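Visitor: Based on what follows, work out the 3D shape:
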Amino acid sequence: MSKAIIDIEHLVKRYEMGDEEVYALRDVSLTIGDNEYVAIMGPSGSGKSTLMNILGCLDTPTSGKYLFNGANVAEMDDDDLASIRNREIGFVFQTFNLLPRATSLKNVELPLVYAGVSAEERTRRASEALARVQLADRMSHKPNELSGGQRQRVAIARAIVTAPCIILADEPTGNLDTKTGQDIMSLFSDLWKAGNTVILVTHEEDVAQHARRIIRLRDGKIESDTQNHHA
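Guide: Numbering: from 1, shown residues only. Got it, this is the predicted structure:
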């Protein structure tokens, strides 16, 4: 087993809804190693988005333990968490989340601005990231001048520009047609083969089949956790 990047034990996430308590996650434990390609699947309400938000340090569990690269996330302060979100995890969302008035290059540079990287170095690294997603010729285009698939590629370039140890993608093909979605999935496979850990959250079976390991959630629990030999 490769080095564990993510190790969660007995994770519970409970929400107060008026007088009721709603459990989004009930006693979830799992380990994800370095350079794994994992899909987290489940129907709406299964807890997969909650799990993704906790893995991405965007939310905290009610109870349980989360070790990220061996460090206990519960003991981190806001600066530590912000640093993990900015440097260690590359996020890719269904809605792209790009700045509409900024060029592809400026959108991709954004995490490096927060990380305090010099302007020259930012341009170099953002250009490289765009080249890796086959968008070297679209650096000065704004999101409204790009197709949906190209916008998602810009979002992926932004996710990989900090050389994160994990790429966390939430329904990354949700807004794309089938052909474009397949192109984006082959790009994730390339990133995985290049050494990234890739975690996809999806409810689409054909998207999950690209991953090497599939974790299925139901009612806040892990229903199954299997290696995918078809991928």
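
Visitor: switch to C-alpha atoms for all contacts and neighbour counts from now on
Guide: Will do.

Visitor: can you map out the strands along this structure?
Guide: 4-17, 20-33, 37-41, 63-68, 71-72, 89-92, 166-170, 197-202, 213-218, 221-227 (DSSP state E).

Visitor: what number of residues lie near residue 79?
Guide: Using other Cα atoms under 10 Å, residue 79 is surrounded by 9 other residues.

Visitor: mind checking pLDDT for residue 231?
Guide: The score at residue 231 is 64. That number is its pLDDT.

Visitor: correction: residue 1
Guide: Reported pLDDT at residue 1 in the predicted model: 51.

Visitor: For the longest helix along the chain, the averaged confidence score.
Guide: Assignment by DSSP state H gives helix 178-193 as the longest helix of the chain. Averaged over helix 178-193, pLDDT sits at 91.

Visitor: Quick check: buried residues in that helix?
Guide: 180, 181, 182, 184, 185, 187, 188, 189, 191, 192 (16 or more other Cα atoms under 10 Å).

Visitor: Show me the two of these that sit farthest apart.
Guide: Spatially, the most separated pair among the buried residues of helix 178-193 is 180 and 192, at 18.7 Å (Cα to Cα).

Visitor: Turn the strands of the chain into a markdown table, including mean neighbour count.
Guide: Converted to a markdown table, those look like this (neighbours: other Cα atoms under 10 Å):
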| stretch | mean neighbour count |
| --- | --- |
| strand 4-17 | 16 |
| strand 20-33 | 16 |
| strand 37-41 | 26 |
| strand 63-68 | 19 |
| strand 71-72 | 13 |
| strand 89-92 | 24 |
| strand 166-170 | 25 |
| strand 197-202 | 24 |
| strand 213-218 | 21 |
| strand 221-227 | 15 |
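
Visitor: who's in contact with the residue positioned nearest the centre of the chain?
Guide: The residue lying closest to the centre of the chain (Cα atoms, centre = their mean) is residue 168, at 1.0 Å. For residue 168, the contact set (Cα atoms under 8 Å, 6 or more residues apart in numbering) comprises 52, 56, 89, 90, 91, 92, 198, 199, 200, 201.

Visitor: so how far is residue 30 from it?
Guide: 16 Å (Cα to Cα, to the nearest Å).

Visitor: again, but for residue 90
Guide: 20 Å.

Visitor: Could I get the buried residue list for the one helix or strand in the chain whose mean pLDDT sits lowest?
Guide: When each helix and strand of the chain is scored by mean pLDDT, DSSP states H and E, helix 78-83 comes last, with a mean of 88. Residues of helix 78-83 classed as buried by neighbour count (16+ other Cα under 10 Å): residue 81.

Visitor: and the end-to-end length of stretch 205-215?
Guide: By Cα to Cα, the extent of stretch 205-215 from end to end equals 12 Å.

Visitor: avg pLDDT for it?
Guide: The pLDDT scores in stretch 205-215 average 94.

Visitor: Run through who's touching it.
Guide: For stretch 205-215, using Cα under 8 Å, 6+ apart, the contacting residues are 36-41, 173, 185, 189, 200, 202, 222-231.

Visitor: from the chain's centre, how far out does it sit?
Guide: 14 Å (Cα atoms, centre = their mean, to the nearest Å).

Visitor: Buried residues, it. List them.
Guide: Buried residues in stretch 205-215 (16+ other Cα under 10 Å): 207, 208, 209, 210, 211, 212, 213, 214, 215.
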